[in-house]
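1. only geometry, no sequence info:
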């Protein structure tokens, strides 16, 4: 086998591992291939994508800069670099917010925290403060505070198991939440929150903060609506509270609109885990966009009123009609007609 063939074998296997959501192993194979063929521009660009999915923004940018030195103006590398720089900026800004906010004592007044023995004590202290801050911050938005301590579980992930996290008997992947890096997987289930944490990069605290806000919102939606909230509204609110939509996500929505690929309401009402990858991503982004439309047109308080009506046993259409003057289908149609990609 020639050196070029040996390098290609590594790159080909890395690509397959990436598609299987095995990002750590993919990185190892990309690096092994680049040791043999350090001039493969495409491999550097694809290596950056794998780093991106682990939240390793700096390593991703470094890989893309090598690609651009080897091939100046390479469109794929330029596009990915722009996207990754925005992601880094968003999560860094969340970390900056936290640097101002995390002064409270680690009292754990509103939750219990159970962890694996391999979780660093410093992380547990930061996590406790994140939850305390989220309790007040998100609770104020929804005017809802749990009456009992919320059980929170955190465990370090097995580095060999990038593809999925088994939580409560259900498989959850990183793309099943707020398009978060693979090393920050979380799940809300029946009053408790479980986190799977991979401490790969310095931006991990910002992502962890987004994860906790996402799952805490699911908790409050569940408390208000008593499990009767349509899935798209539940996920839309969780994403809205977690972080802003990024330009690459807006572009994805815009393209779906131009191609007339928006998903129908009946697919948005049910859990998204059963949808194929691109449809699943679109379902989450549509949910965000429709929810953002409702917040802009009415308010978060109006959505809270809908959740309370659902919790009182009213049907979705009745609750929407009473608060918005339109039934659920009309809301989704109206938001689409308003070209709700202006998020």
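-> It's in. Remember, it's a predicted structure, so these values are computed and weren't measured experimentally.
2. Buried residues of the biggest helix by length in the chain, list them for me.
-> Looking across the chain with DSSP state H, the single longest helix is helix 75-101. Residues of helix 75-101 classed as buried by neighbour count (16 or more other Cβ atoms under 10 Å): 76-77, 80-81, 83-84, 87-88, 90-91, 94-95, 98, 101. All C-beta atoms are positioned from the backbone trio N, CA, C, and that covers glycine.
3. likewise stretch 15-25?
-> For stretch 15-25, by 16+ other Cβ under 10 Å, it's 15, 17, 18, 21, 22, 23, 24, 25.
4. go on, stretch 52-60?
-> The neighbour-count check on stretch 52-60 (16+ other Cβ under 10 Å) flags 52, 53, 54, 55, 56, 57, 59, 60 as buried.
5. Name the member of the residues you listed with the shortest distance to residue 316.
-> residue 53 (34.9 Å; Cβ to Cβ).
6. State the distance from that closest one to residue 96.
-> Using Cβ to Cβ, to the nearest Å, we find residue 53 at a distance of 23 Å from residue 96.
7. Over to residue 75?
-> 32 Å.
8. same check, this time on residue 316
-> Using Cβ to Cβ, residue 316 is found at 38 Å from residue 96.
9. Does whatever helix or strand comes next after the longest helix of the chain pack against any helices or strands, and if so which?
-> Next along the chain after helix 75-101, taking DSSP states H and E as the criterion, comes strand 111-115. Counting contacts by 3 or more Cβ pairs under 8 Å, 6 or more residues apart in numbering; DSSP states H and E, strand 111-115 packs against helix 121-142, strand 150-156.
10. What residues of strand 111-115 count as buried?
-> Residues of strand 111-115 classed as buried by neighbour count (16+ other Cβ under 10 Å): 111, 113, 115.
11. Just give the closest residue to the first one, not the sequence neighbours.
-> In this case it means residue 111. residue 150 (4.4 Å; Cβ to Cβ, 6 or more residues apart in numbering).
12. who touches the one you found in this structure?
-> 110, 111, 112, 191, 192, 193, 219 (Cβ atoms under 8 Å, 6 or more residues apart in numbering).
13. what does residue 114 give?
-> Going by Cβ under 8 Å, 6+ apart, residue 114 touches 151, 152, 153, 154.
14. give me that answer again for 6 Å
-> residue 153 (Cβ atoms under 6 Å, 6 or more residues apart in numbering).
15. Now the two most distant members of the buried residues of helix 75-101.
-> With Cβ to Cβ as the measure, no two of the buried residues of helix 75-101 lie farther apart than 76 and 101, at 37.9 Å.
16. what residue ranges in the stretch 201-343 of the chain score low on pLDDT?
-> 201-204, 337-343 (pLDDT under 70).
17. any idea which of the buried residues of strand 111-115 is closest to residue 126?
-> So of these, ranked by how close each gets to residue 126 (Cβ to Cβ), first place is residue 113, at 11.5 Å.
18. Just to check, that closest one is in contact with residue 152?
-> Yes - counting by Cβ atoms under 6 Å, residue 152 is a contact partner of residue 113 at 5.2 Å.
19. any idea what sits nearest residue 234, other than its immediate chain neighbours?
-> residue 221 (5.1 Å).
20. where along this structure do the helices fall?
-> Using DSSP H, helices in the chain cover 3-19, 23-36, 41-53, 57-70, 75-101, 121-142, 204-225, 231-242, 247-258, 265-268, 277-297, 300-311, 316-324, 328-337.
21. which stretch among those comes nearest residue 187?
-> helix 204-225 (7.2 Å).
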